[in-house]
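Novice: Kindly return the folded structure for what I paste below:
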Amino acid sequence: MLDVDHGTYPFVTSSNATVGGALVGSGISPTLIDGVIGVVKAYTTRVGEGPFPTEFSGKMMELIRNRGEEYGSTTGRPRRCGWFDAVVARHAVRINGLTELSVMKLDVLSGLPHVKIATAYRVGGKVIKDYPHATVELAKAKPVYETLKGWNEDLSGVRRWRDFPKAAQRYLKRLEFLLETPIKIVSIGSKREQTVFL
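Specialist: You can find the predicted model right below:
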C-alpha cells in the first residue's frame, strides 16, 4: 500500500517497496532471481494516513497493537492495525511475482474467539475481489469478511506444522488458498522470534 507506483498515492513512501525496487537498489539482475518470498503479518498494519478498509477500532486496535508491539522503531508512532486483507495481499502477490510466503506474528491472534479475513470489498453496491487502483475508490471500500474459529493455545512451543492448533492450521491454509501461494515459513513472537519452516 506504500509503494510510490502501486500503492495508495499520495499516502505512500518516496520509493518502490516492490521486488523491482529491491533489484534496482541492490544492483542484482532480474535474470538471477528464481524465487521471491513475500513477508506478511497474520493481520494487516499500516503506517500513516490513507485508506485502510480492515482497520480495527477501539479496544481491538489497542489489544492487537500492544500484543504485536506495533510502534515505529524510530519514531515510536503507533501503527494502525486491522484484520488480514487478502485483497491487498493478492495485489502484492501479483505485482511482485511471489513464489512463497512467510507469515509473521501468528501468535498475536491467539486467544481471540474468531479471526477474520477480508476476501473482497463492497464498493458502490458491487463486490470486487481485485485491488482498486483509484485511492478514492479504496477509501469507499467496505470489507467482505470470512470468519474462522480462533485458537486459545500458546504457540511458543510450536516447532513443526503438526504442533499448530487445528484452528491455526485452518487459518494458514485459508490464506494459502486465497493468495494462491504456499506458506513456507511462520514466525512467532515479537521480542524472541521463533521460526517454523513448513
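Novice: rest of the way, CA atoms for contacts and neighbours
Specialist: Fine.
Novice: in stretch 64-77, what's buried?
Specialist: 64, 65, 68, 69, 70 (16 or more other Cα atoms under 10 Å).
Novice: Might one say that the third one is in contact with residue 106?
Specialist: No - Residue 68 is not in contact with residue 106 according to Cα atoms under 8 Å; the separation is 9.5 Å.
Novice: if you average pLDDT over the helix or strand where residue 60 lies, what comes out?
Specialist: Assessed by DSSP states H and E, residue 60 sits inside helix 58-67. Per-residue pLDDT over helix 58-67 has a mean of 96.
Novice: Need the single longest helix in this protein, by residues.
Specialist: Taking DSSP state H as the criterion, the chain has its longest helix at helix 166-179.
Novice: Just checking the distance from that one to the centre of its chain.
Specialist: Its chain's C-alpha centre and that of helix 166-179 lie 13 Å apart, by Cα atoms, centre = their mean, to the nearest Å.
Novice: Name the surrounding residues that touch it.
Specialist: 86, 89, 90, 93, 119, 148, 149, 150, 151, 161, 182, 183 (Cα atoms under 8 Å, 6 or more residues apart in numbering).
Novice: which other helices and strands contact the host helix or strand of the fourth one?
Specialist: When you say that, I think you mean residue 93. Element membership for residue 93 (DSSP H and E) is helix 86-96. With contacts taken as 3 or more Cα pairs under 8 Å, 6 or more residues apart in numbering; DSSP states H and E, helix 86-96 sits against strand 114-123, helix 166-179.
Novice: Which parts of the last one count as buried, going by neighbours?
Specialist: Of the residues in helix 166-179, those buried under the neighbour-count criterion (16+ other Cα under 10 Å) are 167, 168, 171, 172, 175, 176, 179.
Novice: so that helix versus strand 114-123, what angle?
Specialist: The directions of helix 166-179 and strand 114-123 differ by 20 degrees, with axes from the mean of the first three to the mean of the last three Cα atoms, to 10 degrees as the criterion.
Novice: got the CA coordinates for helix 166-179 in CSV?
Specialist: The C-alpha trace of helix 166-179 is given here as CSV (Å, rounded to 0.1, in the frame of the first residue of the first chain):
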residue,chain,number,x,y,z
LYS,A,166,-6.1,-27.1,14.2
ALA,A,167,-7.8,-23.7,14.0
ALA,A,168,-4.4,-22.0,13.4
GLN,A,169,-3.7,-24.6,10.7
ARG,A,170,-7.1,-23.8,9.0
TYR,A,171,-6.3,-20.1,9.1
LEU,A,172,-2.9,-20.6,7.4
LYS,A,173,-4.4,-23.0,4.8
ARG,A,174,-7.1,-20.5,4.1
LEU,A,175,-4.6,-17.7,3.5
GLU,A,176,-2.6,-20.0,1.1
PHE,A,177,-5.8,-20.8,-0.8
LEU,A,178,-6.9,-17.1,-1.1
LEU,A,179,-3.5,-15.9,-2.1
